[in-house]
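Asks: here is the input, now give the coordinates:
(2 chains)
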There are 2 protein chains.
Amino acid sequence: MRHPSSSLDPFALPTHGGDLAAAEARFGRQADGWLDLSTGVSPFPYPLPAVDLTYCQRLPDATVEGDLRSVAAEAYGVLDAQKIVVAAGSQTIIQTLPRLRPFSRVAVIGPTYSEHAKSWMGAGHQVLPCETVERIGDAEVVVVVNPNNPDGRRHDLGRLLEISAALVAKGGLLVVDEAFGDVEPEQSLASHAGPGLLVLRSFGKFFGLAGLRLGFAIAEPSLARLLRTALGPWPVSGPALQIGQIALADRPWMEAARAKLFREAGLLDTLLVQANLSVTGGTPLFRLVNAPRAWALYEHLGQRGILVRPFAASPRWLRVGLPPGEDGRRRLVGALSDWRD
Amino acid sequence: MRHPSSSLDPFALPTHGGDLAAAEARFGRQADGWLDLSTGVSPFPYPLPAVDLTYCQRLPDATVEGDLRSVAAEAYGVLDAQKIVVAAGSQTIIQTLPRLRPFSRVAVIGPTYSEHAKSWMGAGHQVLPCETVERIGDAEVVVVVNPNNPDGRRHDLGRLLEISAALVAKGGLLVVDEAFGDVEPEQSLASHAGPGLLVLRSFGKFFGLAGLRLGFAIAEPSLARLLRTALGPWPVSGPALQIGQIALADRPWMEAARAKLFREAGLLDTLLVQANLSVTGGTPLFRLVNAPRAWALYEHLGQRGILVRPFAASPRWLRVGLPPGEDGRRRLVGALSDWRD
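Replies: Residues are numbered from 1 along each chain as shown, chains lettered A, B, ... in the order given. Prediction:
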């Protein structure tokens, strides 16, 4: 490493965003509370409807889950709702999918969301970290996060479809994780999901309701059935099924949210650039800052009650989520004003 | 089979209670709606507090889960909250636990909740169905549901502790599933959980909120950690964490609910006996009817919009859950009035 970094032990860095308990253990309790910019969860949540007691009382049966499947299929442009698997967050599917395949060589295009490689390795597969989809070699499974987390890199959709077609021929699978895909639906491959192509969608990030735990896989019906069986009975809570169904059908809200997220991301970029930080990528739900002493900046902000996301493997990177409006931005500007690189 | 049963195909029987979608497919839509007595979920739910938006927005971090662990530990009489594993229903733990052990011979004391044997077999273990704990032979893992579902059989706690102690000596494990244990807390082994003894507790049944998906394992801290790792990050929804924390701390409600469930179970027994049915077991959350033509009775009730639980392997058994008060009981009495064995 050419740049002196902070005194920070990279192994002590958080492995996920959003862990305020760990932040408090490290930086102490914050008088003004935390400004949590460490995740890619929208700070502008879908307005919570009153939770229906029936959904909480009863075991969610096939009708309830089927209704959500239909709404999700429509929202994602999928013609056959049988392709939709409902799960308590796409994380659950990331953990489950590797257990359904025989030993495979798995190319994970990265650096990216760490749970993919972790889950495939944990299930006994051989994981080949690759920088681009052109380096997948003879892998049978390829995992791409599109747009990528944390750098926002976009993959060419035509190329991904070609790769999927090549994988089908040998019984392989392309997994496209579109966790941050709701903001730019035209970049989605969801409508192409089928043999050789599984798409993951996240509910909580775009709708700002990550605590609900709701996510989807879109896959050929036979793999979708396998996944449902592996997830077991009643994998998703009633409130998640109820709220998901309402929110995913609310096109006007979704349109307005997309516009708002683009605006807010622009305002965040302006603020970061004015603080002499270099924004090198991202999606409207988070920005990636490239800073020579990123870990020190993480500590600087943490000591001021602002949590961002450092990466143990990338000491120049910080992921910064959207502040929840004007007050949050002002607080971030204040904390950055006495930062010197 | 000595008794003529209905024309029903046992393979077409439901594998779980609560599936109104399947019931409707079989018996048609019910003008008066369904009276669902097919589960052991209390029809007297804990009053739903307003769901806190924060719990829905944020990824549930260690503080939130830790708070629920503490409350659960207190409720279950467990001194060390590190022993508590929070999951989206004890079903999730039933599915996960078998993957954490090397190949084992697993004695499942049954007939009982079918997911235990299914999960251990699915993970490659050898399952030995046993009628009593005296028949476990050289099994390394023993699974007991106490009180048992569906017959309500109670196991002697002293004997279970002896078995657990014997299993510890060879690195084995006794799993005691106390899914219906909240009504009679003095029958719980939760406070004894530790090396060789894992206890499962269910939230949704006693609190009448099965749709929330919340359950617990209580195990020695090292196994608890393994389970948490296997469940992955954010396994439980924010609303479940919030409501679980409130409900499990509400001792007066729990006391009143216990008394009410005993009363209601008594009223159900009276009604069943007056219809010349023989109640051979159960817990205050469900009763087991032994009837020569149980499957035919299941159909008779189904055609009248009342769903109970038949068992493919036990053609004389019907499990009947608690009706939600006087109206439900009257409807059941009406439906039974023209039943002839």
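
Asks: buried sites along stretch A:94-108?
Replies: For stretch A:94-108, a neighbour-count test (16 or more other Cβ atoms under 10 Å in any protein chain shown) marks A:94, A:95, A:96, A:97, A:98, A:99, A:101, A:104, A:105, A:106, A:107, A:108 as buried. Yep, even glycine has a C-beta here, placed from its N, CA and C like the rest.

Asks: remind me what the longest helix belonging to chain A packs against, helices and strands.
Replies: When chain A is parsed with DSSP state H, its longest helix is helix A:251-274. With contacts taken as 3 or more Cβ pairs under 8 Å, 6 or more residues apart in numbering or on different chains; DSSP states H and E, helix A:251-274 sits against strand A:278-283, strand A:286-290, helix A:326-337.

Asks: return the member of the buried residues of stretch A:94-108 nearest to residue B:330.
Replies: Set against residue B:330, the nearest of the buried residues of stretch A:94-108 by Cβ to Cβ is residue A:96 (44.9 Å).

Asks: for residue A:60, give me the pLDDT.
Replies: At residue A:60, the pLDDT value in this model is 89.

Asks: and if you look at the one 3 residues further on?
Replies: The predicted structure scores residue A:63 at 87 on the pLDDT scale.

Asks: returning to that earlier point: including mean neighbour count, distance to residue A:219 and mean pLDDT, could the helices and strands packed on helix A:251-274 go into TSV?
Replies: TSV is the format used below for the helices and strands packed on helix A:251-274 (neighbours: other Cβ atoms under 10 Å in any protein chain shown; distance: least, Cβ to Cβ, whole Å; pLDDT from 0 to 100):
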stretch	mean neighbour count	distance to residue A:219	mean pLDDT
strand A:278-283	19	23	97
strand A:286-290	23	27	98
helix A:326-337	15	38	97
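
Asks: want to throw these into JSON lines with distance to chain B?
Replies: Shown next, in JSON lines, are those (distance: least, Cβ to the nearest Cβ, whole Å):
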{"stretch": "strand A:278-283", "distance to chain B": "18"}
{"stretch": "strand A:286-290", "distance to chain B": "14"}
{"stretch": "helix A:326-337", "distance to chain B": "14"}
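
Asks: let's have those in TSV, adding distance to residue B:115.
Replies: Formatted as TSV, the helices and strands packed on helix A:251-274 follow (distance: least, Cβ to Cβ, whole Å):
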stretch	distance to residue B:115
strand A:278-283	40
strand A:286-290	39
helix A:326-337	45
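
Asks: if we can go back for a sec, what's the mean pLDDT across the longest helix of chain A?
Replies: Computed over helix A:251-274, the average pLDDT equals 98.

Asks: and the closest residue to residue A:146 other than its chain neighbours, how close does it get to residue A:177?
Replies: Leaving aside its sequence neighbours, residue A:146 sits nearest to residue A:155 (Cβ to Cβ, 6 or more residues apart in numbering or on different chains; 4.7 Å). Distance, residue A:155 to residue A:177, by Cβ to Cβ, to the nearest Å: 11 Å.

Asks: neighbour-wise, which of those two wins?
Replies: Legend: neighbour count by other Cβ atoms under 10 Å in any protein chain shown for residue A:155 and residue A:177, higher for residue A:177 (27 against 19).

Asks: tell me which residues touch the more buried one, please.
Replies: Listed by Cβ atoms under 8 Å, 6 or more residues apart in numbering or on different chains, the contact partners of residue A:177 are A:90, A:94, A:113, A:116, A:143, A:144, A:145, A:146, A:199, A:200.

Asks: ranges for the strands of chain A?
Replies: For chain A, the strands defined by DSSP state E cover A:35-36, A:84-87, A:105-109, A:126-130, A:141-145, A:173-178, A:197-202, A:215-218, A:278-283, A:286-290, A:306-307, A:309-310, A:317-321.

Asks: what's the most buried one of those?
Replies: Neighbour counts (mean count of other Cβ atoms under 10 Å in any protein chain shown) averaged over each of these peak at strand A:215-218, with a mean of 28.

Asks: and that one with chain B, contact?
Replies: No - Strand A:215-218 lies out of reach of chain B by Cβ under 8 Å from any Cβ of the partner chain, never closer than 10.6 Å.

Asks: chain neighbours aside, what residue packs nearest to residue A:55?
Replies: Spatial nearest neighbour of residue A:55, excluding adjacent residues (Cβ to Cβ, 6+ apart): residue A:238 at 3.2 Å.

Asks: likewise residue A:267?
Replies: residue A:329 (6.4 Å).

Asks: and residue A:242, by the same measure?
Replies: Spatial nearest neighbour of residue A:242, chain neighbours left out: residue A:55 (4.4 Å); criterion: Cβ to Cβ, 6+ apart.

Asks: what number of residues lie near the one you found?
Replies: If you count neighbours by other Cβ under 10 Å, residue A:55 ends up with 20.

Asks: and it, what does it touch?
Replies: Applying Cβ under 8 Å, 6+ apart, the residues contacting residue A:55 are A:64, A:238, A:239, A:241, A:242, B:211.

Asks: please tell me how far residue A:319 sits from chain B.
Replies: 14 Å (Cβ to the nearest Cβ, to the nearest Å).

Asks: before we move on, what about residue A:148?
Replies: To chain B, residue A:148 is 19 Å away according to Cβ to the nearest Cβ.

Asks: contact partners for the spatially closest residue to that residue that is not a sequence neighbour?
Replies: Using Cβ to Cβ, 6+ apart and skipping the chain neighbours, the partner closest in space to residue A:148 is residue A:112 (5.5 Å). By Cβ under 8 Å, 6+ apart, the contact list for residue A:112 reads A:143, A:145, A:148, A:149.

Asks: quick check, pLDDT for residue A:112.
Replies: At residue A:112, the model reports a pLDDT of 96.

Asks: which residues does residue A:237 contact?
Replies: A:60, A:88, A:212, A:213, B:88, B:211, B:212, B:213, B:237, B:239, B:240.
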